[in-house]
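J.: Next comes the sequence, and after it the predicted model I'd like to discuss.
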Amino acid sequence: MASPLVSDALWSIIEPLLPVPPPRPRGGRPRVPDRAALTGILFVLRSGIQWEMLPLEVGCGSGITCWRRLRDWQEAGVWDALHRELLRRLRAADRIDWSRACLDSAPLAAKRGGDKTGPNPTDRGRLGTKRHLVTDRRGIPLAFILTGANTNDSMPFEELLDSILPIGGKPGRARHRPDKLHADKAYDHRRCRQACRRRGISPRIARRGVETSQKLGRHRWVIERTFAWINRYRRLVTRYERRSDIHHAFTALACSLICFNTLQKRF
């Protein structure tokens, strides 16, 4: 028997983060349960199908109902809060390795355009979005931002570093700075190294014309694996949403699921 898309363990973490449903004094049709709507959202995220093709057999209402719930929960900050809560639990379980962090970006096609898109120079100028990601030493996604595909990798460097919010879970101060940061030659700029040092991070950025590609992958392969984990969620291989907040919601949910799967593993 196939396991449910929303397990009891996952639901116990998400349910307290959801906003209270609005009152309906005039009655009307019963509201689709939140857990059922979340099941539909995860079905679309994993399979990549269109909302209107969501099978009724899944038992989560219509596609537009699930889309609206995804939108409303994004506006309420649920998906980012879920990611932070799972990171907190990972740190409490000593599953986040702050000794090294890896940073990189990956472009993806944006079929319908929208905000945070731009001509992709590696795809004949077609519209695309770039996903900037930073992970810990084990590949756990710590933070991400979205930009147009024509954005230079190094431009949102500081914004991405500052997107790593303080993570508690242990006695003492919350932590959000790794000891070292690995990045490829696209970040070989003085301002990137200075940005790291101002934050107490030791930069390990490859230098153009000095370091070979074989040496670069020694520590950075983990972030490539994390991009592969994200692309297992077929809705994120290509951006179909015109609204960047909806694509952000899907991306945050995928990062949260990666954290949840890591939390469930036994070492």
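T.: Sure thing, it's come through. Everything numeric in this text was worked out from a predicted model, so none of it was measured.

J.: for this structure, what spans make up the strands?
T.: Using DSSP state E, the strands of the chain run over 101-109, 118-119, 127-136, 141-148, 180-183, 202-205.

J.: got the angle between the lengthiest helix in the chain and strand 101-109?
T.: Longest helix of the chain, by residue count under DSSP state H: helix 244-264. Helix 244-264 runs at 140 degrees relative to strand 101-109, counting by axes from the mean of the first three to the mean of the last three CA atoms, to 10 degrees.

J.: Of all the strands of the chain, which one is nearest residue 68?
T.: Ranking the strands of the chain by proximity to residue 68 (CB to CB) places strand 141-148 first, at 21.6 Å. Backbone N, C-alpha and C define where each C-beta goes, glycine included.

J.: The closest one: how far from the chain's middle?
T.: Relative to its chain's centre, strand 141-148 lies at 7 Å (CA atoms, centre = their mean, to the nearest Å).

J.: just stretch 5-23 next, same as before
T.: On CA atoms, centre = their mean, the centre of stretch 5-23 falls 19 Å from that of its chain.

J.: Now do that stretch: distance from first to last residue.
T.: 28 Å (CA to CA, to the nearest Å).

J.: residues in contact with it?
T.: 31, 34-35, 38-39, 42-43, 46, 72-73, 76, 78, 81-82, 85-86, 89, 260, 264 (CB atoms under 8 Å, 6 or more residues apart in numbering).

J.: can you check stretch 72-86 too?
T.: The contact list for stretch 72-86 (CB under 8 Å, 6+ apart) reads 13-14, 17-19, 141, 165, 167, 245-246, 248-249, 252-253, 255-256, 259-260, 263.

J.: 6 Å instead?
T.: 17, 19, 245, 249, 252, 253, 255, 256, 259, 260 (CB atoms under 6 Å, 6 or more residues apart in numbering).

J.: May I see the PyMOL selection of the buried members of the contacts of stretch 5-23?
T.: To isolate the buried ones among the contacts of stretch 5-23 in PyMOL, judged by 16 or more other CB atoms under 10 Å, type:
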select buried, resi 34+35+38+39+42+43+73+78+81+82+85+86+89+260
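
J.: Out of the contacts of stretch 5-23, list just those in helices.
T.: Checked against DSSP H, those include these in helices: 34-35, 38-39, 42-43, 46, 72-73, 78, 81-82, 85-86, 89, 260, 264.

J.: Export the contacts of stretch 72-86 to a markdown table and append columns for distance to residue 161 and pLDDT.
T.: Below are these laid out as a markdown table (distance: CB to CB, whole Å; pLDDT from 0 to 100):
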| residue | distance to residue 161 | pLDDT |
| --- | --- | --- |
| 17 | 25 | 97 |
| 19 | 30 | 94 |
| 245 | 22 | 96 |
| 249 | 23 | 98 |
| 252 | 18 | 98 |
| 253 | 23 | 97 |
| 255 | 17 | 97 |
| 256 | 20 | 97 |
| 259 | 19 | 97 |
| 260 | 24 | 97 |
